[in-house]
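In: here is my input; please provide its structure:
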Amino acid sequence: MSDRASILRAALQRRRALVVPGCHDSLSARIIENAGFEAVQISGFGVAGSLLGKPDVGLVDMKDILDITGHITRAVRIPVMADIDTGGGNALNAAAVTGRLIEMGVAGVNIEDQVFPKRCGHMEGKQVIPADEMAGKVRAMVDVRRRLGRDIVINARTDAYAVHGLREAIFRANFYLDAGADLVFLDGIGTRADIERAAREIHGLLSVNLMDAVTGVKTELISIPELAALGIARVSIPVASIMVMHKALTGFFAALHASPTGLLAGETDRLTSFRDYTAFVGLPEYRDQEREYLPAPAAAATR
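Out: Residues are numbered from 1 along each chain as shown. Reported below is the predicted structural model:
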């Protein structure tokens, strides 16, 4: 399991804009892996929506975050980056959560410097804690990693750009790197010029958030090759999975409700076939195991 952290670290150190899409559950993580991406991150925004049907404003319990993280980490083979929001409290809480993640085999972890309750980085009304308080969380996480003797990539996110501007965000990023963070992330950064300046002035690995890879939201869309040329280490696309799911389900069930027959006969482009879906989630392999291990009458029922 710990090898996945080493794989992720090596990929980030190449500074070639490793694309790390966000998932909201195990199925979306497996789909991202199957598409060929080298790593996946868990989207707090997506988890809040899929688990609670609520916005990303700090409503998900840490226990639920850890449970979902464990399920996702077991579901895929590629490196998984967890999202622990503000770390569950102070530096001691962040350290304890980091220890749990390391034990799960999580490859990386995102922690942010917002006040609690936090909110999605592209929402209005954010506030940030003092930089030295966040640096203390990072140091505590690094110490846990050292004590356990197992790797995990620590990504320190700052939301200071929206609150105090680019200069403060760059200062905080470097401050968190000095505290031991492996990667830093300026959330909500707006323009190409600001990204270019951040890439020049931050003295470590930098992550950029392209939100959904389609609309841009608050961050200007820049191609992956261009970001790689700037030396960006990671490009996160955190909310696409939950947005795609929302649109697909909304369209399907609205059409089904509006249908005079209550059916959508023949509209097979709206969904995956039963055979393809069950093959993807491993039903044939499960049936093989039933035939291998269950008593004859029970195994016969699976044929």
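
In: ranges for the helices of the stretch 101-250 of the chain?
Out: 131-148, 160-164, 166-179, 192-201, 224-229, 240-258 (DSSP state H, counting those that start in this stretch).

In: show me what the second one is packed against.
Out: Right, the one you point to is helix 160-164. helix 166-179 (3 or more C-beta pairs under 8 Å, 6 or more residues apart in numbering; DSSP states H and E). Backbone N, C-alpha and C define where each C-beta goes, glycine included.

In: next, the angle from the helix it packs on to helix 192-201.
Out: 30 degrees (axes from the mean of the first three to the mean of the last three C-alpha atoms, to 10 degrees).

In: okay, domains of this structure per the record?
Out: According to automatic domain parsing, the chain is divided into the following domains: 3-245, 272-303.

In: end to end, how far does the first one reach?
Out: In this case it means domain 3-245. 31 Å (C-alpha to C-alpha, to the nearest Å).

In: present the domains of the chain as a markdown table; the columns should include mean pLDDT and distance to G262.
Out: Shown next, in a markdown table, are those (pLDDT from 0 to 100; distance: least, C-beta to C-beta, whole Å):
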| stretch | mean pLDDT | distance to G262 |
| --- | --- | --- |
| domain 3-245 | 94 | 23 |
| domain 272-303 | 88 | 20 |
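
In: highest average neighbour count across these?
Out: domain 3-245 (a mean of 20; mean count of other C-beta atoms under 10 Å).

In: who wins for proximity to S43 among the helices of the stretch 101-250 of the chain?
Out: Set against S43 and scored by C-beta to C-beta, these come closest in helix 240-258, at 6.6 Å.

In: the closest one - contacts with which helices or strands?
Out: Applying 3+ C-beta pairs under 8 Å, 6+ apart, one finds that helix 240-258 makes contact with strand 18-23, helix 26-35, helix 44-47.

In: which residues touch the longest one?
Out: It stands for helix 26-35. Outside helix 26-35, the residues that touch it by C-beta atoms under 8 Å, 6 or more residues apart in numbering are 21, 23, 40, 42, 46, 71-72, 74-78, 80, 241-242, 245, 280-281.

In: got it, and the shortest one?
Out: Helix 44-47 is contacted from outside by 22-25, 28, 56, 60, 64-65, 68, 83, 85, 120, 238-239, 241-242, using C-beta under 8 Å, 6+ apart.

In: the same query, at a cut-off of 6 Å, please.
Out: Helix 44-47 has contacts (C-beta atoms under 6 Å, 6 or more residues apart in numbering) with 22, 24, 56, 60, 68, 83, 85, 120, 239, 241-242.

In: identify the farthest-apart pair in the residues you listed.
Out: D85 and S241 (18.1 Å).

In: if we can go back for a sec, need the helices of the stretch 101-250 of the chain in a markdown table (columns: distance to I154).
Out: Formatted as a markdown table, the helices of the stretch 101-250 of the chain follow (distance: least, C-beta to C-beta, whole Å):
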| stretch | distance to I154 |
| --- | --- |
| helix 131-148 | 5 |
| helix 160-164 | 18 |
| helix 166-179 | 9 |
| helix 192-201 | 19 |
| helix 224-229 | 21 |
| helix 240-258 | 24 |
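
In: mind checking which of these is nearest G108?
Out: It is, among these and with distance given as C-beta to C-beta, helix 131-148, at 11.3 Å.

In: next, the angle helix 166-179 makes with that closest one.
Out: Orientation note: helix 131-148 sits at an angle of 30 degrees relative to helix 166-179 (the same axes, to 10 degrees).

In: now do helix 131-148: distance to the chain's middle.
Out: The gap between the average C-alpha position of helix 131-148 and the chain average comes to 21 Å, counting by C-alpha atoms, centre = their mean, to the nearest Å.

In: got it, and stretch 94-103?
Out: With C-alpha atoms, centre = their mean, you get 17 Å for stretch 94-103.

In: from L271, how far off is R9?
Out: According to C-beta to C-beta, to the nearest Å, R9 and L271 sit 39 Å apart.
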